[in-house]
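Engineer: Based on what follows, work out the 3D shape:
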Amino acid sequence: VQLQASGGGLVQPGGSLSVSCAARESDVSISAVQWYRQAPGKQRELVAASNPGSFANYADSVRGRFTSLHSAKNMVSLQMNSLRPDDTAVYYCNVEVTYGSGLVTDYWGQGTLVTVSS
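Structural biologist: Numbers count the residues shown, from 1 in each chain. Predicted structure coming up:
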């Protein structure tokens, strides 16, 4: 599975931005996603996790501002609102794909930079 990350960029504090990961293969079904971010000089941290059902969990630092979405069976997005300078980081998706055989494999997106600055 090849993942294409998109979105990100520069936004002012208080603004909104979305990052997405899409599998190039249209027949891929993403069964879960975890979103990570890594700020300069810091360790990678988990900020959100969700599945196409009702499960969603968020880090305290982003809860109420970020929403993990399953836009299509092969695409996931992270909608980020009320952005703050400390949200500046490279954002990565880690998607879980469940195959018909029952095999479950995870894949990483290449990361996309989000910069929050005035």
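Engineer: and Gly9, bridged to which residues?
Structural biologist: Going by DSSP bridges, Gly9 is paired in beta bridges with Val114.
Engineer: and it, what does it touch?
Structural biologist: Residues touching Gly9, when contacts are defined by C-beta atoms under 8 Å, 6 or more residues apart in numbering, comprise 17, 113-115. From N, CA and C alone the C-beta is placed, and that goes for glycine too.
Engineer: where does it sit relative to Thr88, distance-wise?
Structural biologist: As for Gly9, its distance to Thr88 is 11 Å (criterion: C-beta to C-beta, to the nearest Å).
Engineer: residue ranges of the helices in the chain, please?
Structural biologist: Read by DSSP state H, the chain holds no helices at all.
Engineer: can you give me the strands for it?
Structural biologist: Listed from the start of the chain, the chain has strands (DSSP state E) covering 3-7, 9-11, 17-23, 30-38, 45-50, 56-58, 66-72, 75-80, 89-98, 104-108, 112-116.
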